[in-house]
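Novice: 3D model of this:
(one chain, ligands or ions: 2)
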Amino acid sequence: MAHARKCLISFSVTLLFFAVGLTAFAGEKKESGNTPVAEAATGSSTVEDKARKPDVKPDVKKESSYTSVVEGTFDSVMAQDKANKPDVMKRHLSFLNERYDLSLKTTTDVTMSGGKPLPVGPTARLKESLTWDTLAGMLPAQIKEKNLFPYLPLPHPNHASGGMLFSQKQLKQVSRLERFDMDFDLPDYFLPEFPPPMYLTTHKDMGDVSQGKLVTLDNYYEIFNGILNPKQLEGMRLLVTQFPQQQFNATADRKSEKPSQGVTCFDCHANGHTSAATHLVGDIRPQSHRNRIETPTLRGVNIQRLFGSQRALKSVEDFTEFEQRAAYFDGDHLTAAKKGVNVLERGTQVHFMAEVMSLLDFPPAPKLDVFGQLDQEKATDSEKRGEMIFIGKGKCIVCHPAPYYTDNQMHDLQVERFYKSQLINGQYIRAEGPIKTFPLRGIKDSPPYLHDGRLLTLEDAVEFFNLVLQIKLNEQDKKDLVAFLRQL
Ligand code: HEC
Ligand code: HEC
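Specialist: Residues are numbered from 1 along each chain as shown. Ligands and ions are numbered 1, 2, ... in the order given. Modelled structure (predicted):
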């Protein structure tokens, strides 16, 4: 009898969950702007969307860990992908526009190191005529229950397919990186400068060594001969040499119209910084659980000890080897063999490449002193107040200590306190676990922020941490904190 009652209670609790879940699910579906047509276009996500309810674990066993073999000829796959593309993009862009205000707002007084204005936010839209202050006054559980969190994980433009994806601006210069199945999603003013300046720890005297050019196989020798030693020159050559990759290769299983020799490290890490190219992380299965990842800058890898947002590889050398053997192929070593994986030799190639990457310096920060703190003579009052918030009320310093503003650790920000697990545009959002503390030195140069680029501006980063850390910053605090971050 007691047992039966217990069962009944747990059954009604399940029902309640289910009902709450369904309502939330319907809400989210509305936000994502899905249409049946667009869903059909992305294939597997339709099935997932229907099968998965919020806060219920998806049946992980149903999807294979292995990449599925492409069916049909290259021409038929391309024709189908091209036909689907308008719907795929329409669906994703309407979702983005519902989540963010993507209109152009930029700074006039402060710029990135090469002169590009900074995007100004916050860009995230708040639901139900909320204000940032009322939201910050709510408990995480309330925000979660009412689906009010403005900074949910950001899906890839076509999460079911994923893969490397390059900005429109980059495609204008490097057309071989164009995909026929989807386009990059964010407007250029939310992205780093392209091509970005390049600073070397060994040549601080020279400032930007790139001469305003995008460093490629065609010009690297002319730019760096006489500045780098022969070993570093060879490392640089390898960093700008194309090697086969999952979407860009010579087989029929590719996403470029013409067969491709592959991508170079600097296609994504343009001039050793970032082109904001996006991808899905290789080390998670099933597909819907993989995080979107935004290419991190390689500036300052010399002072870092962990590499990758979650993999935490321990050296730049390890990351270099692993990037081409596994990450290029979505963590699938089997298709890699078919597409022509390039196995780098540790002693004569990996070390050379790593040595060059370790010369990439952070951009100049003229207002910081030898401790990496604001020079009181040069800083404005607002910047000084921002530094005090960073150290005090904001608690940022706990994980982002000077001089480089990273503790070289990983932290679990437990952002899932604020949202329910659910499927959004093909991505199953859930607890993300510990993520690397990216350095904040030079941060103004590398929007969008967080591992998946969900924070489009520094103002969004401040609103995000105001909620996540529950630090209750006021309007002035937030302005001052942004002013400080812009000087790092
Ligand atoms: C999509 C384009 C892309 C290409 C091409 C690429 N990377 Fe990356 N790289 C990324 C992304 C995205 C990450 C972040 C990975 C993660 O979060 O796990 C990354 C991370 C790294 C890191 C660690 C940085 C950090 O701060 O943790 C290093 C080092 C690196 N890449 C080196 C290379 C090298 C060397 C090559 C060429 C063999 C290369 N990358 C090619 C996108 C790319
Ligand atoms: C408990 C540790 C912790 C605290 C405290 C913290 N951060 Fe972070 N910060 C992180 C981690 C971890 C990441 C990477 C998270 C991710 O990518 O999902 C990060 C990322 C960032 C980024 C984006 C970096 C990039 O390259 O995209 C910014 C900006 C930032 N933090 C600013 C702040 C500010 C401002 C504060 C204080 C208000 C703060 N953080 C407090 C751990 C912390």
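Novice: for F194, which non-adjacent residue is closest in space?
Specialist: Of all residues not flanking F194 in the chain, K169 sits nearest, at 5.2 Å (C-beta to C-beta, 6 or more residues apart in numbering). Bear in mind the C-beta positions are built from the backbone N, C-alpha and C, glycine included.
Novice: got the contact list for the host helix or strand of that neighbour?
Specialist: Assessed by DSSP states H and E, K169 sits inside helix 168-173. Defining contact as C-beta atoms under 8 Å, 6 or more residues apart in numbering, one finds that helix 168-173 is touched by 177-178, 183-184, 188, 191, 194-195, 214, 267, 270, 275, 277.
Novice: dump that helix to CSV, restricted to CA.
Specialist: Provided in CSV are the C-alpha atoms of helix 168-173 (Å, rounded to 0.1, in the frame of the first residue of the first chain):
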residue,chain,number,x,y,z
GLN,A,168,31.7,36.7,-45.1
LYS,A,169,34.6,39.2,-44.8
GLN,A,170,37.1,36.4,-44.7
LEU,A,171,35.5,34.7,-47.7
LYS,A,172,36.0,37.9,-49.8
GLN,A,173,39.7,37.4,-49.4
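Novice: the residue nearest to V215 when sequence neighbours are not counted: neighbour count?
Specialist: In this structure, V215 finds its nearest non-sequential neighbour in N271, 5.4 Å apart by C-beta to C-beta, 6+ apart. By other C-beta atoms under 10 Å, 28 other residues sit near N271.
Novice: can you report how many residues lie near the residue in the stretch 1-150 of the chain that ligand 1 sits nearest to?
Specialist: The stretch 1-150 of the chain approaches ligand 1 most closely through T67 (16.9 Å), counting by C-beta to the nearest ligand atom. T67: 16 surrounding residues under other C-beta under 10 Å.
Novice: was I right to think it contacts G331?
Specialist: No. Judged on C-beta atoms under 8 Å, T67 makes no contact with G331 at a distance of 9.3 Å.
Novice: what does the pLDDT read for E321?
Specialist: pLDDT, E321: 92.
Novice: ok, for the most centrally placed residue in the chain, nearest residue in space, not its chain neighbours?
Specialist: Taking C-alpha atoms, centre = their mean, the centroid of the chain lies closest to E294, which sits 2.4 Å from it. In this structure, E294 finds its nearest non-sequential neighbour in G453, 3.6 Å apart by C-beta to C-beta, 6+ apart.
Novice: where does F464 land in three-state SS?
Specialist: Look at F464: counting by DSSP: H, G, I helix; E, B strand; the rest coil, its state is helix.
Novice: quick check: it vs P122, distance?
Specialist: To P122, F464 is 9 Å away according to C-beta to C-beta, to the nearest Å.
Novice: and for H411?
Specialist: Per C-beta to C-beta, H411 is found 23 Å from P122.
Novice: pretty sure V174 is touching F166, no?
Specialist: Yes. Using C-beta under 8 Å, V174 is in contact with F166, at 7.3 Å.
Novice: just to revisit the earlier point, run a quick neighbour tally on the residue nearest to E294.
Specialist: Residues near G453, counting by other C-beta under 10 Å: 21.
Novice: doesn't it lie inside a helix?
Specialist: No. Counting by three-state DSSP, G453 falls outside a helix, being coil.
Novice: that one contacts H156, correct?
Specialist: No. The pair G453 / H156 is not scored as a contact, 10.3 Å apart, by C-beta under 8 Å.
Novice: overlap of the contact sets of the two?
Specialist: Residues touching both G453 and H156 by C-beta under 8 Å, 6+ apart: 278, 292.
Novice: spell out which parts of the chain neighbour ligand 2.
Specialist: The chain comes close to ligand 2 at residues 309, 394-396, 398-400, 411, 413, 435, 437-438, 440, 443, 446, 449-451, 461-462, 465, 469, 481, as judged by C-beta under 6 Å from any ligand atom.
Novice: filter those residues down to just the ones in strands.
Specialist: 411, 435 (DSSP state E).
Novice: for PyMOL, what selects the buried ones among the residues of the chain next to ligand 2?
Specialist: A single PyMOL command selects the buried members of the residues of the chain next to ligand 2 (16 or more other C-beta atoms under 10 Å):
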select buried, resi 309+394+396+399+400+413+435+437+438+440+443+446+449+450+451+461+462+465+469+481
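Novice: would you mind listing the buried residues in stretch 201-210?
Specialist: Neighbour-count burial for stretch 201-210 flags 208-210 (criterion: 16+ other C-beta under 10 Å).
Novice: got the contact list for it?
Specialist: So stretch 201-210 is in contact with 113-114, 195-200, 223-224, 227, 271, 302, 358-361, 364, going by C-beta under 8 Å, 6+ apart.
Novice: how far off centre is stretch 473-488?
Specialist: Distance, stretch centre to chain centre, for stretch 473-488: 23 Å (C-alpha atoms, centre = their mean, to the nearest Å).
Novice: break down the stretch 301-450 of the chain into its strands, ranges please.
Specialist: 410-411, 422-424, 427-429, 435-436 (DSSP state E, counting those that start in this stretch).
Novice: nearest to L96, of those?
Specialist: Proximity to L96 (C-beta to C-beta) singles out strand 422-424 among the strands of the stretch 301-450 of the chain, at 11.5 Å.
Novice: and that closest one, what does it pack against?
Specialist: Under the contact definition 3 or more C-beta pairs under 8 Å, 6 or more residues apart in numbering; DSSP states H and E, strand 422-424 sits against helix 2-32, helix 44-51, strand 427-429.
Novice: next SSE after the second one?
Specialist: Toward the C-terminus, helix 44-51 is succeeded by helix 74-99 as the next helix or strand (DSSP H and E).
Novice: only the buried residues of that next one, if you could.
Specialist: For helix 74-99, using 16+ other C-beta under 10 Å, the buried residues are 77-78, 81, 84-85, 87-89, 91-92, 94-96, 99.
Novice: would you reformat those residues as a markdown table and include pLDDT?
Specialist: Converted to a markdown table, the buried residues of helix 74-99 look like this (pLDDT from 0 to 100):
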| residue | pLDDT |
| --- | --- |
| V77 | 95 |
| M78 | 97 |
| D81 | 96 |
| N84 | 97 |
| K85 | 97 |
| D87 | 97 |
| V88 | 96 |
| M89 | 97 |
| R91 | 96 |
| H92 | 97 |
| S94 | 96 |
| F95 | 96 |
| L96 | 97 |
| R99 | 97 |
